[in-house]
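In: what would the 3D arrangement of this be:
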Amino acid sequence: MAITADRKTAVITSYARAKGDNGSPEVQVALLSEHITNLTEHLKTHRKDYASRRGLLLKVWQRSKLLKYLRTKDPTRYNDLVQRLGLRR
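Out: Modelled structure (predicted):
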């Protein structure tokens, strides 16, 4: 369920705005999206894992808040990120 270190660094480098950037909203949303996809795959086989389901809902909520912040702060960055991640908006 957890992201491997190699995958995490790949996501960070692909969505970072500058070298050494790992805290921008784009990076945070990309990492949360990676976690969400992993958790949804896990929950397809383990339907009664309610603790993981709660964690998934919290991650979706956090991603939604970050996307809302980015949409109000800079709409062009928001649109680019949603398009790159393939999110439905």
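
In: phi first, then psi, for G23.
Out: Main-chain torsions, G23, degrees, to the nearest 10: phi -120, psi 0.

In: and the longest helix that the chain contains, what does it pack onto?
Out: Counting by DSSP state H, the longest helix found in the chain is helix 50-73. Other helices and strands packing on helix 50-73, by 3 or more CB pairs under 8 Å, 6 or more residues apart in numbering; DSSP states H and E, are helix 25-45, helix 75-85. C-beta: built from backbone N, CA, C; applies to glycine.

In: now the angle from it to helix 25-45?
Out: 150 degrees (axes from the mean of the first three to the mean of the last three CA atoms, to 10 degrees).

In: give me the distance from helix 50-73 to the chain's centre.
Out: Mean-position distance between helix 50-73 and its chain equals 8 Å (CA atoms, centre = their mean, to the nearest Å).

In: which parts of that helix are buried?
Out: 52-53, 55-56, 59-60, 63, 66-67, 70-71 (16 or more other CB atoms under 10 Å).

In: give me the low-pLDDT residue ranges for the protein?
Out: The chain contains residues with pLDDT under 70 at 1, 89.

In: what about the residue of the chain positioned farthest from its centre, distance to I36?
Out: In the chain, K48 marks the outermost C-alpha relative to the chain mean, sitting 23.4 Å out by CA atoms, centre = their mean. Using CB to CB, to the nearest Å, one gets 19 Å for the distance from K48 to I36.

In: do Q62 as well
Out: 10 Å.

In: again with I3
Out: For I3 relative to I36 (CB to CB), the value is 11 Å.

In: repeat that for A51.
Out: According to CB to CB, A51 and I36 sit 16 Å apart.

In: one more: V82?
Out: In terms of CB to CB, V82 sits 14 Å off from I36.

In: same check, this time on R47
Out: 17 Å.

In: go on, A30?
Out: Applying CB to CB, the value for A30 to I36 is 11 Å.

In: more neighbours: the two, which one.
Out: Neighbour tally, A30 and I36, criterion other CB atoms under 10 Å: the higher count belongs to A30, 21 against 17.

In: so what's that one up against?
Out: 11-12, 14-15, 81, 85 (CB atoms under 8 Å, 6 or more residues apart in numbering).
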